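*Asks:* This is the structure alone, sequence omitted:
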């Protein structure tokens, strides 16, 4: 889910200022839980343990965490084992805010407003989840206590995902997921794939964390996210229930309620069927619009639960064995929703939905390897070259992770860096949540891994990585009052990603600022010949072109 990330940073740091409220004073009741403060043993520089709990880094550079216990103990075990990673992730998060809003006065204003905005969030978070967060937060850095006490920071950061969506009416998000079964898979079993297109920079995505959690109450489950996250964005439980989330079009809410990642966490920990998952989602008050793709081994089916502050729907397919989920709603409950209709017309969601249909026509009888190829697809409709990083592609080359689930076999494949192009590592939940794991001391089933995408070793990928750097340079020049690019910069910049409309749009904006209107006109006209991501993007180019024509005879 690519987000205009800085806006949500403002929201998640709105945690303190003058004045006192119940939310500031609130500390969860943790006295009911027994606790043993973890004494972590360092086995080597990438493996740490405490009793049966441990953290290790595999050869694909994915961190694997196994924890068990009551809610408070889970939090402490998590925090003690991941402390260095957790504090690094906090540093990455908050350094973005400081860099984007250097003014201390503006930061204070934002914190004041957002302390009020987030004041009721804790009332919508389960008490056991609060206890777990409390334990985890004890290992957060002291460096950011000026923003908020550790527990409140932990709670509000779990709402960052939702707040980012809310502020993106404004929304630039692009997750893609799909489920297939029966005649659409090689063995007839349910198979689910998803790209989590959430980008906060390369540093944020570096330390991916795969959590295997065995709670004292509920169902053991696995989740893929990052250090400090106890909510779920992609996961599967031991009963074969899977959850993945895709953003929908949201209005800006007046107050924060239940973060969607806590809803999906609750589903994984307590649901064994689709009906049970629906019942859990129905009773929670959310504050953004979101699609939750739920797969079920017991039902051998998948549905999309569509939630928003004022509506609730379930999309079930009839007479087919496939479900596609991008970033618009499909259930009857939202057929007259104006925001959803606008999302379908103006965004890239419908385009990716059509691309999934096209890929399923080309790839019959899916297996995990074919599913990986779909998640890695970078082309447009009819295999058109639309530029690397175009949000109309299934693979936008920014994913935090991709996951493939085989619920009936309890197998899951998790991508490794970069994006979803690295090797997919396979895990067997039947083994992990059993004595067999303890005897073998191993997590992955390496013989079932899916090889990295050859694109990683190509000149095109090298060019794309250089393009990202060059793109930041030209944006700096556009934003700056005195930065001038060399004559050969723009031709080289465009050569790195020649099919992408954005390189010509950016070049046009740079020339426009330099008052080189004839060159600007040429670049805007080139941009309009490419596959532009959204209707608003196209309208922006047309507005620039209209302006520039006033200066060109």
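*Replies:* Sure, I can see it. Since this is a predicted model, take the numbers as computed values, not measurements.
*Asks:* okay, CA-based contacts and neighbour counts for the rest of this
*Replies:* Noted.
*Asks:* Need the three-state assignment for residue 243.
*Replies:* On the three-state scheme (DSSP: H, G, I helix; E, B strand; the rest coil), residue 243 is labelled strand.
*Asks:* Tell me who's in contact with it.
*Replies:* Each residue near residue 243 by Cα atoms under 8 Å, 6 or more residues apart in numbering is listed here: 233, 234, 235, 236, 264, 267, 268, 292, 293, 294, 295.
*Asks:* Tell me the bridge partners for it.
*Replies:* Counting by DSSP bridges, residue 243 is bridged to residue 235, residue 294.
*Asks:* Can we start the residue count at 381 from this point?
*Replies:* Noted, 381 is the first residue going forward, which turns the last one into residue 623.
*Asks:* Columns neighbour count and distance to residue 922 on top of the contacts of residue 623, output as TSV?
*Replies:* Below are those laid out as TSV (neighbours: other Cα atoms under 10 Å; distance: Cα to Cα, whole Å):
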residue	neighbour count	distance to residue 922
613	22	37
614	28	39
615	28	42
616	31	45
644	27	41
647	27	46
648	29	47
672	27	36
673	27	37
674	26	41
675	30	43
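*Asks:* Out of those, which is nearest to residue 435?
*Replies:* Lowest distance from residue 435 to those (Cα to Cα) belongs to residue 615, with 18.2 Å.
*Asks:* ok, that closest one to residue 450 distance?
*Replies:* 20 Å (Cα to Cα, to the nearest Å).
*Asks:* for residue 668, same thing?
*Replies:* As for residue 668, its distance to residue 450 is 30 Å (criterion: Cα to Cα).
*Asks:* So if I had to pick from the two, which one is more boxed in?
*Replies:* residue 668 (28 against 18; other Cα atoms under 10 Å).
*Asks:* how near is that one to residue 735?
*Replies:* 26 Å.
*Asks:* now do residue 750
*Replies:* Counting by Cα to Cα - residue 750 and residue 735 are separated by 15 Å.
*Asks:* do the same with residue 471
*Replies:* Counting by Cα to Cα, the gap from residue 471 to residue 735 is 38 Å.
*Asks:* Of the two, which one has the most company?
*Replies:* residue 735 (22 against 15).
*Asks:* tell me the pLDDT at residue 407?
*Replies:* Among the per-residue scores, residue 407 shows a pLDDT of 86.
*Asks:* Equivalent analysis for the one 3 residues further on, please.
*Replies:* Each residue has a pLDDT score; the one for residue 410 is 94.
*Asks:* my guess is it contacts residue 511, does it?
*Replies:* Yes - using Cα atoms under 8 Å, residue 410 is in contact with residue 511, at 5.8 Å.
*Asks:* who touches both of these two?
*Replies:* Common neighbours of residue 410 and residue 511 (Cα under 8 Å, 6+ apart) are residue 452.
*Asks:* Go ahead and name everything in contact with the host helix or strand of residue 512.
*Replies:* Assigned by DSSP states H and E, residue 512 belongs to helix 507-517. For helix 507-517, contacts defined as Cα under 8 Å, 6+ apart pick out 408-410, 451-460, 502, 530-531, 534-535, 608, 610.
*Asks:* and the next element down the chain from that helix?
*Replies:* Next in sequence after helix 507-517, counting helices and strands by DSSP H and E, comes helix 530-537.
*Asks:* Counting by contacts, list what that following helix packs against.
*Replies:* Here helix 530-537 touches helix 507-517, going by 3 or more Cα pairs under 8 Å, 6 or more residues apart in numbering; DSSP states H and E.
*Asks:* for the helix it packs on, which positions count as buried?
*Replies:* Within helix 507-517, the residues scored as buried using 16 or more other Cα atoms under 10 Å are 508, 509, 510, 511, 512, 513, 514, 515, 516, 517.
*Asks:* any idea how far residue 646 is from the second one?
*Replies:* Meaning residue 509. Residue 509 is 9 Å from residue 646, by Cα to Cα.
*Asks:* for the third one, same thing?
*Replies:* Residue 510 sits at a distance of 13 Å from residue 646 (criterion: Cα to Cα).
*Asks:* The fifth one now?
*Replies:* From residue 512 across to residue 646, the span is 13 Å (Cα to Cα).
*Asks:* Now for the two: what residues contact both?
*Replies:* With contacts defined as Cα under 8 Å, 6+ apart, no residue is shared by residue 512 and residue 646.
*Asks:* can you pull the pLDDT of the closest residue in space to residue 561 that isn't next to it in sequence?
*Replies:* Using Cα to Cα, 6 or more residues apart in numbering and skipping the chain neighbours, the partner closest in space to residue 561 is residue 570 (4.3 Å). pLDDT recorded at residue 570 is 98.
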